[in-house]
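> below is the sequence, then the predicted model.
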Amino acid sequence: MKKNIAIIMGGYSSEYQISLKSGNVVYETLNPEKYNAYRIHIFKDKWVYVDGNNEEFTVNKNDFSISVNNTTITFDCVFNAIHGSPGEDGFMQGYFKLLNIPHTSCDMYQASLTFNKRDCLSVLKPYGIKTAESFYLNLGDTINEDAIISKVGLPCFVKANKAGSSFGVTKVHKKEDLPNAIEVAFKEDDEIIIESFLDGKEVSVGVISFKGDTKVLPITEIVSENDFFDYEAKYLGKSQEITPARLTPEEEQKVTTVAKQVYEILKMKGFSRSEYIFKDGEPHLLEMNTIPGLTRESILPQQAAAAGISLGELFDNAIEEALK
């Protein structure tokens, strides 16, 4: 009996277009002999099933069902491809938990925690996970530029605390540029995190639940043409993504161990992709993404391919793990 799979995509954040691309790749890749795949667009103003002719059918939010030609369709599993809110911050996870519908992402608390960069880093620090020096601001706080620079130094990064794909991120070289960077970050979120600049090799590490085990995928080195790994570098080809990364055996072992440790400390499930920068030979965690890009060009699928895992196998495994 074929399983009905709802692929949720879109979302409420600046990342919705990337999410639509990821969701469509999942839709095109899932084995039609094994699954009936349905594209579900989740937007603030509508939740709809979009069929092959781009006709839209409203989703019943009471039970997450759809009605097509007088037939009600319910789902065996949800494939979560929403980057940002509400797919990566715990809202959809909580909703599906209440409805008792399995989904491919981590649980609600883990999604909420990892989406909040500063809370996530605070939880991990007692375990010895190294991170950049940081300073926190909430919207409305008095801004003391000297206190910020005294703590994190220059250059530094000003980031929206709960936003992905490098939205609301500025690298600040001079004190006079700090107010504008803070303003840019506050346009994305009402909390911001300001971090010291770590000058070193940047790597992206995919960790997934694969056939019942925690699997660290081959590591990707990020070499940005821009000043840092910003939106252009991520999505407009302004970076080199080298898989496997050019690491010494010792560096590879260190970051692999830390990435697996972080995944297991946080009791993660499904996909994750974390960014690390090596400083003084030690990997420092920047952030964790729990719904990483899933297009063919995205980092996690590249890493899976390097591990000999096809896109079809990657997505099929995610559903199988969720259905256990």
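Structure's in. What do you need? Numbering: from 1, shown residues only.

> poorly predicted segments of the chain, please.
Along the chain, segments meeting pLDDT under 70 span 164-166, 226-238.

> could you chop it up by domain?
Structural domains annotated on the chain: 3-104, 112-130+199-323, 134-196, as defined by automatic domain parsing.

> first-to-last residue distance for the last one?
What that stands for is domain 134-196. Using Cα to Cα, to the nearest Å, the gap from the first to the last residue of domain 134-196 comes to 6 Å.

> on that earlier part again, I'd like the domains of the chain as CSV, with mean neighbour count appended.
The C-beta positions use only the backbone N, C-alpha and C, and glycine is treated the same way. Written out in CSV, the entries for the domains of the chain read as follows (neighbours: other Cβ atoms under 10 Å):
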stretch, mean neighbour count
domain 3-104, 18
domain 112-130+199-323, 19
domain 134-196, 17
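
> report the beta-bridge partners for the nearest residue to Asn161 once chain neighbours are set aside.
Using Cβ to Cβ, 6 or more residues apart in numbering and skipping residues adjacent in sequence, the residue nearest Asn161 is Glu191, 3.9 Å away. With DSSP bridges applied, Glu191 shows beta-bridge pairing to Asn138.

> what about the helices in the chain?
16-29, 91-99, 108-115, 117-124, 145-152, 178-188, 231-235, 249-265, 299-306, 311-323 (DSSP state H).

> adding distance to Ile82, write the ones you listed out as a markdown table.
Shown next, in a markdown table, are the helices of the chain (distance: least, Cβ to Cβ, whole Å):
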| stretch | distance to Ile82 |
| --- | --- |
| helix 16-29 | 5 |
| helix 91-99 | 7 |
| helix 108-115 | 10 |
| helix 117-124 | 18 |
| helix 145-152 | 32 |
| helix 178-188 | 17 |
| helix 231-235 | 17 |
| helix 249-265 | 20 |
| helix 299-306 | 15 |
| helix 311-323 | 14 |
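
> how about those helices, which one is nearest Tyr49?
For these, distance to Tyr49 was read as Cβ to Cβ. The smallest value, 11.7 Å, belongs to helix 16-29.

> what's the closest one packed up against?
For helix 16-29, the elements it packs on are strand 3-10, strand 35-43, helix 311-323, judged by 3 or more Cβ pairs under 8 Å, 6 or more residues apart in numbering; DSSP states H and E.

> for the first one, the distance to its chain's centre please.
For strand 3-10, the gap between its own C-alpha mean and the chain's C-alpha mean amounts to 18 Å (Cα atoms, centre = their mean, to the nearest Å).

> for Lys21, list the residues it contacts.
Taking Cβ atoms under 8 Å, 6 or more residues apart in numbering as the definition of contact, the neighbours of Lys21 are Gly293, Thr295.

> repeat for Ser134
Arg118, Leu121, Lys151, Val152, Ile193, Ile194, Glu195, Ser196.

> now with 7 Å, please.
If a contact means Cβ atoms under 7 Å, 6 or more residues apart in numbering, then Ser134 has Arg118, Leu121, Val152, Ile193, Ile194, Glu195 as its contacts.

> let me know whether Ile182 touches Ala160 as I believe.
No - using Cβ atoms under 7 Å, Ile182 is not in contact with Ala160; the gap is 10.4 Å.

> which residues are common contacts for the two?
Residues touching both Ile182 and Ala160 (Cβ under 7 Å, 6+ apart): Ile192.

> okay, and the beta partners of Ser67?
Beta-bridge partners for Ser67, by DSSP bridges, are Thr72.

> the residue with the largest distance to the centre of the chain and Trp47, how far apart?
For the chain, the C-alpha lying farthest from the average C-alpha position belongs to Asn70; by Cα atoms, centre = their mean, that distance is 36.8 Å. Asn70 sits 20 Å away from Trp47 when distances are taken as Cβ to Cβ, to the nearest Å.

> who's in contact with Ser196?
The neighbours of Ser196, taking Cβ under 7 Å, 6+ apart as the test, are Ala132, Glu133, Val152, Gly153, Cys156.
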